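One predicted model, sequence on top.
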Amino acid sequence: MTPTTHVTSDPDGAPASQPVNPPRAFSVFSAAELKTALKKMYLIRRFEEAAEEAYQRGLTYGTMHLSIGQEASAVGACLPLGPSDYITSTHRGHGHCIAKGADPKLMFAEFSGKETGYCHGRGGSMHIADVENGNLGANGIVAGGIPIAVGAALSIKKRGLPNVALSFFGDGAANEGAFHEALNIASIWKLPVIFVCENNKYAMSTSIERALSVKNVADRAVAYSMPGVIVDGNSVIDMADAVMAAMDRAHAGLGPTLIESKTYRLRGHSRSDRNRYRTREEIESWAARDPIGRFEGDLIAHGLATAADCIAIREAAEAEIAAAVQFSNDSPLPSVDHLLSDVYTPVEAKP
Amino acid sequence: MTPTTHVTSDPDGAPASQPVNPPRAFSVFSAAELKTALKKMYLIRRFEEAAEEAYQRGLTYGTMHLSIGQEASAVGACLPLGPSDYITSTHRGHGHCIAKGADPKLMFAEFSGKETGYCHGRGGSMHIADVENGNLGANGIVAGGIPIAVGAALSIKKRGLPNVALSFFGDGAANEGAFHEALNIASIWKLPVIFVCENNKYAMSTSIERALSVKNVADRAVAYSMPGVIVDGNSVIDMADAVMAAMDRAHAGLGPTLIESKTYRLRGHSRSDRNRYRTREEIESWAARDPIGRFEGDLIAHGLATAADCIAIREAAEAEIAAAVQFSNDSPLPSVDHLLSDVYTPVEAKP
Amino acid sequence: MTAPLSATTGALPVDPTATRELSFAEALREALGQALEADERVFLMGEDIAIYGGAFQVTLGLLERFGHDRVMDTPISELGSAGVAVGAALAGSRPILEFQFQDFATLAMEQIVNQAAKIRFMFGGKCSVPVVFRAPTGSGTGGAAQHSQSLEAWYAHVPGLKVVQPSNPYDAKGLLLAALDDPDPVMFFEHKLLYKVKGHVPEAPYRVPIGKAAIARPGTHLTIVASAIMVSRSLEAAKELAEKGIDVEVIDLRTLRPLDTETIIASVKKTTRLMCVYEGVKTLGIGAEISAMIAESDAFDYLDAPILRLGGAESPIPYSPILEKAAVPQVADIVAAAERLAKKRV
Amino acid sequence: MTAPLSATTGALPVDPTATRELSFAEALREALGQALEADERVFLMGEDIAIYGGAFQVTLGLLERFGHDRVMDTPISELGSAGVAVGAALAGSRPILEFQFQDFATLAMEQIVNQAAKIRFMFGGKCSVPVVFRAPTGSGTGGAAQHSQSLEAWYAHVPGLKVVQPSNPYDAKGLLLAALDDPDPVMFFEHKLLYKVKGHVPEAPYRVPIGKAAIARPGTHLTIVASAIMVSRSLEAAKELAEKGIDVEVIDLRTLRPLDTETIIASVKKTTRLMCVYEGVKTLGIGAEISAMIAESDAFDYLDAPILRLGGAESPIPYSPILEKAAVPQVADIVAAAERLAKKRV
Ligand SMILES: Cc1ncc(C[n+]2csc(CCOP(=O)(O)OP(=O)(O)O)c2C)c(N)n1
Ligand SMILES: Cc1ncc(C[n+]2csc(CCOP(=O)(O)OP(=O)(O)O)c2C)c(N)n1
Ligand SMILES: [Mg+2]
Ligand SMILES: [Mg+2]
């Protein structure tokens, strides 16, 4: 039985900032790659803010789940992945999507229900996907993507490919039967899959203390004979390191890893949240641990970027999101004539 | 975190015969009560044999799952329970049912689809229930009874009753999402429920090695912050002791316990089993650990029964089952005119 | 929303001068509060129903009044929660489980359909399973394909269940209290677009009987059978149609199982034309049953035109509002279809 | 069991002199083996399908031929397994998942209905989910309420799914190979009582197209629409009815979604009388859709009698054989109902 690996952990469940070993990510990724990661964090942040603005101005529809505060978790986990690695995502999926390399233009158009969006306006915020580039989609069903990632990993293994599948899900998802069944199957079949639980302390209004029978989601790894790793989810570098270790395991045929990313969402659960279940102090204490500033500090401290670089990156991201919003605004709505056209795959008649 | 308590365990996963402490059951139960337990074991054995005979003679219908070899697990677990404690059972439920105090006459009639059966012939082997006496039913759905037991425990707790709910299930059920969700809920709500996993090494043809990601089902208890206890399921006394300890915990408001009963079914999974998945040697080695002979030995060694007593008990059980079969044979079939009468509860019109 | 028009349709007599108005959600909340007060066996379970007050705020404030023992937040465990509700009901409690969206009840189908619906029958009638499963349904809020379904027909296909779907605040309260009295499992579906709709609701507890449809609007030319949000849409359409000289009778099903076949048959015999309007997917949606029921009844002989179904599109519910609207019947669709039907002749 | 009679009904031409016979289970096994041979992306998953050969022995021997990598025993995890199949399909594999009994697919409804059926649509048509879910259905084996259901109508209510239900060994093989070719998720339902039924099955792979019904027996007085075991019962009834001077046309649906409305409408126009025979619960069973479809089609004008449905009882399936038989249509019931219908006039 591999024991749960607590990288480091304070009594609050929030890990201290530095893992014990020198981070591997700094030696693996070039300065350019790390700066691209920073850019993605800014893209996520601005995307979410733009989404929020659109909602406040009554321009969008439906619900949305913003990942502001969780950017490091998404970007760090996806940093080691290539385009042929798969991810599955969640209702809170914009960040994962951008981290996996999606085009914010097509995302914002999808978010706005436009024909030019990733899903031609069929899916919306909760269903943005880009299967060709390994993003098997956000998911409106809590834990719905976990077994799907296991299936992708099974397909990878069957075809002898050097890839992995990585499944993002929340702390709330860890109480779904789908989590249990999927982790058991992944373990017995030793599949190249990485489970990344983004524990932001709440499932909607329900705190982990009231819903989860263990202190850490990673404590459940032992029930599936896989390593359970707790990571500071607000650190890009720690997340990337943990995922690289899990990829090594997967590539060696040793099977899955459960990574618990301790993080926090700074916005409400969804647009209808009145924040009755947590304190302003708690929110502010986490706001002070902002993952973007944190990563900028890391980059500057390691001489990989200057403060001016960071500003330039932020501005580029802001411009890109502004362009994405413009693209979306300029885009046409879907045509009702095509309502039924994507239900089934058109089939050529077999001779 | 309470660690998994291995009472004792050999490399084969089969616990040695004696726990370390002197068994509590001997001081708690009178000789008469223990002899009744022996009688129940014989009733179960004979019931199953009679069921098998009926099938071989083409007299019954449907499938059946015999618990020959698992009598100690059922009888030992139910020994400490009173009529106001609940159980939920499984597809392999005849033993649990008799252990909880059911009348074999009404059971055999139900097994035979007769109007006089527990369920008036509606349920058959897989659905025998006796709700009034705390048996919430066998269940055709693997793991289906686990959350139901948790619900009964919730109701017990809400009403402040001094009872417990005990859920029997198999090793295969431990891979169902229902197991996970139910154990988590029971733990966070500290409910008076006892989970008894009868690990007979196989789910149908699928050995635990190929389906279960841990060595012991009890190893999963840690994922729900509850004690996990491995018991020699072929020992009535060990089973009763483990359940009594779990009842103490439940009564003290400390919540659930997961007990893993290591046992073995000596017959095939169901009537259609061709036993392709296990060896004759394995079956014979377990046949040599027959739980009935074992319990008789315990009773005689402790001076609680004589060999003659045991023979008398067996003969009484045989006679009782013979009478049950006769009762069933003499009973009428249900009337098709009443097919629909038990679908809904008749309601008095409200004024 | 209109309260039922006639006592013969099953509603209790309503004081016509009463004007107390509640929203659909408030009416449900009042019913839940009264049930919790009246019967200590009753308790509520569901995801985020306590502190948050439920995704649609139906249970808002009940935690404060009744405490965490009676208003229980569950983990996100639909199957387990449903099983817990079934077990508690078997053991003598009266649980009400809220699914946050009907779509998530797909995770609990095993417990609902194999256990709750069948236990009484399988056990030879020796016990009942008095549990109420509540769930918001339907499209119109931009929830997209996994948060907008109308799968009521599934449950109406299952003997052992009762299926209730109120269309207005008055019925919401009365049917919920009736569901709680019912000894058998009741699926209680609440259309999301109705939650904020207001209507007259008496304060004292009352019951609207399960299994009785209401004539929401009497008419002579054509019968529309609908439920939930489609009742108000049909009533609105009926107004437009009246201006065009077509006098529509609108039947509010209220209960999808058991169906009030009597009321529907009587109406069809009177109007000789039948149209079923429903949000669920057209194929095998509730309108299929109503149509088939009429086509094999003696009302068949009275029909002056084919039976028309206006159901949801043969697609998942799309996200984009323009598509979402196109996927389910709107007032204009009902008007157009009714006009067509009124002209048709066999 | 008869092979399809006419090429226009969608079957490939069959050599009338061929006599190779296989059971329904053997035909399925042959199709699975041929698919595993022809396409390395294909693999099988399910509970006890490898060593045990499946609860109904459909996959017997395939482990020996293809090994554990292609014939995979799963843990008892229906929801997880369904999700794994969906994910594997999305990633380019061609999984075939066997549910041990259709009843257990209730545990997997989320993945089947929210994911498999909707992913293509939600993702804007940019991918497909080529997965086949197989499941034994129906009563008649003493399985009682949780092992005997016929919930096909649920799936036929869900856009994005295709639903197939063969009635004979020839179709079993041909439809299964067609399901495997299909880029979209297919529910493949196998009636337990058919597994041992024998019939002509060519050895070389062939397809029976999804979505085409077959005229299992041509007739002039009355149309019976049926599927699975109800086809053979209807054919048997038709023989008896022929002796009584009633010439019945029996349509074998083969596919419940999409429905072959054309074939049914044409038959009803010819015979002017329609009866739907199905094992699922009568209310909202597949017969409801067929009846409603006809009642709104132009075939309505041709009807000389109300449309009759002979469906399963409004109860769970009981254990006792005498009750179990009474709960679903038997040959005698079909004969009696058809006689009544033949006499009726509008
Ligand atoms: C099966 C299911 N149940 C409930 C919901 C409603 N819901 C959406 S998000 C959410 C909370 C999820 O919490 P968590 O998994 O921790 O993710 P987070 O929102 O914190 O990122 C809930 C209850 C859902 N979408 N799917
Ligand atoms: C949900 C569900 N899946 C599958 C089955 C079919 N089935 C019946 S018993 C069984 C094996 C159960 O194994 P286990 O839980 O270990 O109990 P045992 O039979 O060994 O007593 C299976 C697969 C079922 N009844 N229910
Ligand atoms: Mg969370
Ligand atoms: Mg077992």
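Received the coordinates, thanks. Ligands and ions are numbered 1, 2, ... in the order given.

hey, what's the residue in chain A that ligand 3 sits nearest to bridged with?
Closest approach between chain A and ligand 3, counting by Cβ to the ion: residue A:170, at 3.7 Å. All C-beta spots, glycine's among them, are computed from the backbone N, C-alpha and C. With DSSP bridges as the criterion, residue A:170 is bridged to residue A:198.

Residue A:196 is in contact with that one, correct?
No - applying Cβ atoms under 8 Å as the test, residue A:170 and residue A:196 come out as separate, 10.2 Å apart.

Tell me where the stretch 51-200 of chain A has helices.
Along the stretch 51-200 of chain A, counting by DSSP state H, counting those that start in this stretch, helices occupy A:71-78, A:94-99, A:104-111, A:145-158, A:177-188.

Show me what the first one is packed against.
Helices and strands touching helix A:71-78, by 3 or more Cβ pairs under 8 Å, 6 or more residues apart in numbering or on different chains; DSSP states H and E, are helix A:31-56, helix A:94-99, strand A:165-170, strand A:193-199, helix A:236-251, strand A:257-262, helix A:291-301.

Show me which residues of the last one are buried.
When you say that, I think you mean helix A:291-301. With burial defined by 16 or more other Cβ atoms under 10 Å in any protein chain shown, the residues of helix A:291-301 counted as buried are A:291-292, A:294-296, A:298-299.

Spit out the contact partners of residue A:94.
A:44, A:47-48, A:51, A:66-67, A:107, A:111, A:125, A:128, A:138 (Cβ atoms under 8 Å, 6 or more residues apart in numbering or on different chains).

Can you tell me how far it is from chain B?
For residue A:94, the distance to chain B equals 28 Å [Cβ to the nearest Cβ, to the nearest Å].

again, but for residue A:207
11 Å.

what's that residue sitting at in phi/psi?
Here is the backbone geometry of residue A:207 (degrees, to the nearest 10): phi -70, psi 150.

So what does the residue lying closest to it once chain neighbours are set aside look like in phi/psi?
Closest residue to residue A:207 apart from its sequence neighbours, by Cβ to Cβ, 6 or more residues apart in numbering or on different chains: residue A:201 at 6.2 Å. Backbone torsions of residue A:201, given as degrees, to the nearest 10, read phi 80, psi -20.

got it, and residue A:134?
Here is the backbone geometry of residue A:134 (degrees, to the nearest 10): phi 90, psi 10.

With mean pLDDT and distance to ligand 2 added, can I get the helices of the stretch 51-200 of chain A in a markdown table?
Below are those laid out as a markdown table (pLDDT from 0 to 100; distance: least, Cβ to the nearest ligand atom, whole Å):
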| stretch | mean pLDDT | distance to ligand 2 |
| --- | --- | --- |
| helix A:71-78 | 98 | 34 |
| helix A:94-99 | 98 | 32 |
| helix A:104-111 | 98 | 37 |
| helix A:145-158 | 98 | 16 |
| helix A:177-188 | 98 | 11 |
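
Which one, of those helices, ends up nearest to residue B:230?
Shortest distance between residue B:230 and the helices of the stretch 51-200 of chain A, using Cβ to Cβ, is found for helix A:177-188: 19.2 Å.

if we can go back for a sec, touching, the residue nearest to residue A:207 and residue A:172? I think so.
No - counting by Cβ under 8 Å, residue A:172 is not a contact partner of residue A:201; they are 10.4 Å apart.

and residue D:37, which of the helices and strands packed on helix A:71-78 is closest to it?
That would be strand A:165-170 among the helices and strands packed on helix A:71-78, by Cβ to Cβ, at 27.7 Å.

Report the buried residues of the closest one.
A:165-170.

ok, now stretch C:33-41?
Buried, per 16+ other Cβ under 10 Å, within stretch C:33-41: C:34-36, C:41.

Next up, the contacts around the residue most central in space within chain C.
Nearest residue to the geometric centre of chain C (Cα atoms, centre = their mean): residue C:165, 0.8 Å. Residues in contact with residue C:165 (Cβ under 8 Å, 6+ apart) are C:137, C:152, C:188-191, C:227-228, C:253-256.

For the chain, give me the ranges with low pLDDT.
Since you didn't name a chain, this refers to chain A. Applying pLDDT under 70 to chain A flags the ranges A:1-20, A:348-351.

that's the other chain; I wanted chain C
The low-confidence ranges in chain C, as defined by pLDDT under 70, are C:1-17.

Point me to the residue of it nearest ligand 1.
For chain C, the residue closest to ligand 1 is residue C:104, as judged by Cβ to the nearest ligand atom, at 4.2 Å.

tell me the domain boundaries of chain C?
The record's domain split for chain C, according to automatic domain parsing, is C:16-200, C:214-343.

Of the buried residues of helix A:291-301, which is the nearest to residue A:323?
residue A:292 (20.5 Å).

I'd say that closest one and residue A:68 touch.
No - checked against Cβ under 8 Å, the pair residue A:292 and residue A:68 is beyond contact range at 9.8 Å.

anything in contact with each of those two?
Taking Cβ under 8 Å, 6+ apart as the contact rule, residue A:292 and residue A:68 both touch residue A:45.

Point out the residues in chain C that sit beside ligand 1.
By Cβ under 6 Å from any ligand atom, the residues of chain C that approach ligand 1 are C:47, C:76, C:78, C:100, C:104, C:107.

The third one: what's it in contact with?
Looking back up the chat, that one is residue C:78. Contact partners of residue C:78, counting by Cβ under 8 Å, 6+ apart, are A:176, C:99, C:104-105, C:107-108.

most neighbours, which of those?
Neighbour tally across the contacts of residue C:78 (other Cβ atoms under 10 Å in any protein chain shown): the maximum, 33 neighbours, falls on residue C:107.

for it, what are its contacts?
Contact analysis of residue C:107 by Cβ under 8 Å, 6+ apart lists A:176-178, C:78-79, D:79, D:109-110.

Are stretch A:90-97 and ligand 3 in contact anywhere?
No - using Cβ under 5 Å from the ion, stretch A:90-97 stays clear of ligand 3, with a minimum separation of 8.1 Å.

any idea how far the residue nearest to residue A:207 lies from residue A:265?
Using Cβ to Cβ, to the nearest Å, residue A:201 is found at 9 Å from residue A:265.

near chain D, which residues of the stretch 151-300 of chain C show up?
By Cβ under 8 Å from any Cβ of the partner chain, the residues of the stretch 151-300 of chain C that approach chain D are C:151, C:153-154, C:156-160, C:257, C:259, C:280-281, C:283-289, C:291-292, C:294-298, C:300.

Okay, and which of those map to helices?
Among those, DSSP state H puts C:153-154, C:156, C:286-289, C:291-292, C:294-296 in helices.

still on that earlier bit, closest to residue C:213 out of the helices of the stretch 51-200 of chain A?
helix A:177-188 (37.7 Å).

Report all helices and strands that the closest one contacts.
helix A:145-158, strand A:193-199, helix B:177-188, helix B:208-211, helix D:78-90.

As a markdown table, the contacts of residue C:78 with secondary structure would be great.
Formatted as a markdown table, the contacts of residue C:78 follow (DSSP: H, G, I helix; E, B strand; the rest coil):
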| residue | secondary structure |
| --- | --- |
| A:176 | coil |
| C:99 | coil |
| C:104 | helix |
| C:105 | helix |
| C:107 | helix |
| C:108 | helix |
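
That's all I had, so thanks and see you.
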